[in-house]
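Asks: below are the sequence and a predicted model for it; my questions follow.
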Amino acid sequence: MDILSLANVQWSPAVNSHFEVLRLQNLYNRELPEDHDPWQPHRLHFHALILFTQGQGTHGIDFIEYPVKAGTLIHVCANQVHYFGHAPELDAFMVVFVPAALPTHLLGLSTNISSPLSWSTIQHVWPSITSLELKQAQMLQQHIEVLETHQTMDSQLRPAAQYLLWSVIAFASQAAVESDKHHSAKTIDPRFLEFVELLEQSYESCRNMKWYAARMNCSAKTLSRICRTAAGKSPKAITDERVAVEAQRRLLFGQTTVKEVGASLGFEETTNFIKFFRRLVGQNPDEFRSASRF
């Protein structure tokens, strides 16, 4: 099959690039594989922007359910878990893409935008859900509609579509950050982004804050100050949350035992993993897996 697959959802045959613009109501009518249900939790292997345009309902991201309505902007990165709420009156513009659809540098990040680390960093700067002002939502929708008209053009015009996609993402990011009081109140220290990128590389094997500080050529006290200023949390809290959400993802979607999940995340003793999981999530791993199965 020569049609690029996004997880189990295929691109429309009319689309000849690594992105697609579609409407939520059209997704309802699309023929989907039997093993893929957008209304049940699923782990993305691509990136998605979702701008809701009408109705009210809910949307789940990484095991948290958020209320959504017209003007709500959702940003989901690859490897995150999400699902659509059962609200037939909801409609939205969705832009789904893989990094190969983009030019090489975006949003002022030092790393190449095609790198997964860049997108992991973006999650700490760009809130997953934002309520946009009416004017912002209308302008973003206009950007998306222009992109929609370019997705079926011939290959000679594909570079123009790539830069239009870049424009949509940059506009959405700016609107989201400006609308989020926590993020817009301060400038993110580049060293915080350095920590996050290092964390994405190393969270499976290291949760020692002194090690992270040494790799960044600073003291543990300085690292703590950087993280508390940027995110309002200690580096240990950020690390523990990252490990906990990954544990939930692997428990829900992997065919592995609790012991194997714990070992894959650096826990030599299963009992220590269970205690860690219970402290962060509020349930034992087996309880979480049983309650979340669909």
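Replies: Arrived safely.
Asks: the stretch 51-200 of the chain: helices as residue ranges?
Replies: Ranges of helices in the stretch 51-200 of the chain, per DSSP state H, counting those that start in this stretch, are 116-123, 134-150, 158-179, 181-184, 190-202.
Asks: now do the third one: which elements does it pack against?
Replies: Secondary-structure packing of helix 158-179 (3 or more CB pairs under 8 Å, 6 or more residues apart in numbering; DSSP states H and E): strand 47-54, strand 72-76, strand 91-97, strand 129-131, helix 134-150, helix 181-184. Placement of C-beta: from N, CA and C, glycine included.
Asks: related to what we said a few turns ago, of the helices of the stretch 51-200 of the chain, which is nearest residue 43?
Replies: When these are compared by CB to CB, helix 116-123 sits nearest residue 43, at 13.8 Å.
Asks: that closest one - what's its average pLDDT?
Replies: Here helix 116-123 scores 60 as its mean pLDDT.
Asks: same check on stretch 232-244?
Replies: The average pLDDT within stretch 232-244 is 95.
Asks: next, count neighbours for the residue lying closest to residue 215 once chain neighbours are set aside.
Replies: Nearest-residue entry for residue 215: residue 198, 5.9 Å, with adjacent residues in sequence omitted and distances by CB to CB, 6 or more residues apart in numbering. Residue 198 has 16 neighbours, counted by other CB atoms under 10 Å.
Asks: so who does residue 203 touch?
Replies: Taking CB atoms under 8 Å, 6 or more residues apart in numbering as the contact definition, residue 203 lies against 239, 242, 243, 246, 265.
Asks: between the strand or helix carrying residue 237 and helix 190-202, how many degrees?
Replies: Taking DSSP states H and E as the definition, one finds residue 237 inside helix 235-253. Counting by axes from the mean of the first three to the mean of the last three CA atoms, to 10 degrees, helix 235-253 lies at 40 degrees to helix 190-202.
Asks: and helix 235-253, what does it pack onto?
Replies: strand 81-84, helix 190-202, helix 209-215, helix 220-231, helix 258-264, helix 270-281, helix 285-292.
Asks: who touches it?
Replies: For helix 235-253, the surrounding residues in contact (CB under 8 Å, 6+ apart) are 41, 43, 62-63, 79, 81, 195-196, 199-200, 203-204, 207, 209, 212, 223-224, 226-227, 231, 233, 256, 258, 261-262, 264-266, 273, 276-277, 280-281, 285, 288-289, 292-293.
Asks: restricted to buried residues, select those in ChimeraX.
Replies: This is how ChimeraX selects the buried members of the contacts of helix 235-253, with burial counted by 16 or more other CB atoms under 10 Å:
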select :41,43,62,63,79,81,195,196,199,200,203,207,209,212,223,224,226,227,231,258,261,262,264,265,273,276,277,280,281,285,288,289
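Asks: which residue is the nearest non-sequential neighbour of residue 22?
Replies: residue 94 (5.3 Å).
Asks: now do stretch 79-88: everything it contacts.
Replies: Contact with stretch 79-88 is made by 24, 28, 38-45, 48, 55-63, 65, 68, 74, 76, 90, 116, 123, 128, 248-249, 252-253, as judged by CB under 8 Å, 6+ apart.
Asks: over to stretch 286-294?
Replies: Under the contact criterion CB under 8 Å, 6+ apart, stretch 286-294 has outside partners 37, 40, 41, 63, 248, 251, 252, 258, 277, 281, 283.
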